[in-house]
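A.B. asks: Sequence first, predicted coordinates after that:
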Amino acid sequence: MGRRQKQELGDLPLFKGYTKTKPTDMLLLSQYARTIMGNRSQKAIAKIWGYSESAVSQLLNGKTNCIEPDFLQSISDSIEPGCSVTGEKLLDAYGYTKNPNAEKTNESTEEYKEDRLEIPYTQIADNARNVLQNSLLDKKYPILETTLNYPLVNNIDKKIIIDFSIQTKISEEQIVELIIKIMPNSIVEAKSFFETLFAALYVKESSSMMMRYSVVVFDRKVFKALKGVYQDVHVDDYISVILIDNKRQAVTDEFIIPRRNTQDNVKSIFV
């Protein structure tokens, strides 16, 4: 049940501060996975988790002896608000318990993050904005204006969402305004944003300027999951997910949610 792009255990946020102390309880893990799946179809949850339907079926039906840590991270990332299963319960079933020796260190680290998160996260957003602008300039699209609209801070978990716009000219007669959201790498949060955006666009007034709405993510797993969720949705507006590779300092992919008028589908101007 391998993941398409395997990550090291130390790179998975779910496992930080936890140590393997007992065997994995696959029966309990299967039950938890079904609870997290909720009313979603097996096909839909497979797309969200980023695994094949057969791999997901084996897990849900208790027909596998183990799953990789990457898979557990994907399952944890898909937990919806109000679900009775938590990441800690998943880890317990997987055989991991919190390392008491690391607890104080973790607490002080969290305090540091809460006090200073806005600065590094703003830097990430600035970096993303530069990557997008450079990508447009490389393709000979002029930057007419860049505006930081506002940073949104979630007071519950101290996560910051940066919102900015870029105006560019894609032809002699067409000016485009790109509305960009830089978001934490969370499938649940990105889906929640899209649902809010769909509702807002449904009631918006028409504009003479072409508006394109995009969410920037930095994790290919999140990108693939969102693509899986929205590839069968059709919308009137230009809405997309942009994947940025921070190491390469480049836009590596853009998924544009299919538009209702297939003859009027617009190609990415970044890739």
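C.D. replies: Great, that's in hand. Everything numeric here is computed off the predicted structure, so don't read it as measured data.
A.B. asks: so where's this protein shaky on pLDDT?
C.D. replies: Under the criterion pLDDT under 70, the flagged ranges of the chain are 1-11, 101-122, 149-162, 184-186, 203-209, 262-265.
A.B. asks: Next up, the contacts around residue 245.
C.D. replies: Shown in contact with residue 245 (Cβ atoms under 8 Å, 6 or more residues apart in numbering): 218, 251-252. Heads up, the C-betas are built off the backbone N, CA and C, glycines and all.
A.B. asks: Tell me which of these fall in helices.
C.D. replies: Taking DSSP state H, every one of the contacts of residue 245 sits outside helices.
A.B. asks: Mind checking which of the residues you listed are buried?
C.D. replies: Buried by 16 or more other Cβ atoms under 10 Å: 218, 251, out of the contacts of residue 245.
A.B. asks: Which member of the contacts of residue 245 is positioned nearest residue 178?
C.D. replies: residue 251 (12.0 Å; Cβ to Cβ).
A.B. asks: and the nearest residue to that closest one once chain neighbours are set aside, helix, strand or coil?
C.D. replies: Spatial nearest neighbour of residue 251, excluding adjacent residues (Cβ to Cβ, 6 or more residues apart in numbering): residue 270 at 4.4 Å. Here residue 270 is coil, with the state taken from DSSP: H, G, I helix; E, B strand; the rest coil.
A.B. asks: hmm, back to that, in strands, which of the contacts of residue 245 appear?
C.D. replies: 251-252 (DSSP state E).
A.B. asks: now the contacts of residue 245 in TSV, with distance to residue 242?
C.D. replies: Shown next, in TSV, are these (distance: Cβ to Cβ, whole Å):
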residue	distance to residue 242
218	10
251	6
252	9
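A.B. asks: Just the closest of the contacts of residue 245 to residue 40, please.
C.D. replies: Closest approach to residue 40 among the contacts of residue 245 (Cβ to Cβ): residue 218, at 25.1 Å.
A.B. asks: Next, the contact list for that closest one, please.
C.D. replies: 124, 128, 185, 243-246.
A.B. asks: Turn those into JSON lines, columns for secondary structure and distance to residue 228.
C.D. replies: Shown next, in JSON lines, are the contacts of residue 218 (DSSP: H, G, I helix; E, B strand; the rest coil; distance: Cβ to Cβ, whole Å):
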{"residue": "124", "secondary structure": "helix", "distance to residue 228": "25"}
{"residue": "128", "secondary structure": "helix", "distance to residue 228": "23"}
{"residue": "185", "secondary structure": "coil", "distance to residue 228": "16"}
{"residue": "243", "secondary structure": "strand", "distance to residue 228": "14"}
{"residue": "244", "secondary structure": "strand", "distance to residue 228": "19"}
{"residue": "245", "secondary structure": "strand", "distance to residue 228": "20"}
{"residue": "246", "secondary structure": "coil", "distance to residue 228": "23"}
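A.B. asks: Downstream of the one helix or strand residue 164 maps to, the next helix or strand is which one?
C.D. replies: When elements are assigned from DSSP states H and E, residue 164 belongs to strand 159-169. Moving toward the C-terminus from strand 159-169, the next helix or strand (DSSP H and E) is strand 175-182.
A.B. asks: What residues sit buried inside that next one?
C.D. replies: 176-182.
A.B. asks: For the contacts of residue 218, pick the one with the most neighbours.
C.D. replies: residue 244 (24 neighbours; other Cβ atoms under 10 Å).
A.B. asks: Run a quick neighbour tally on residue 267.
C.D. replies: 8.
A.B. asks: Grab the nearest non-local neighbour of it.
C.D. replies: Residue 267 sits nearest to residue 256 (Cβ to Cβ, 6+ apart), 7.8 Å away.
A.B. asks: Bridge partners for that neighbour, pull those for me.
C.D. replies: Beta-bridge pairing for residue 256 (DSSP bridges): residue 240.
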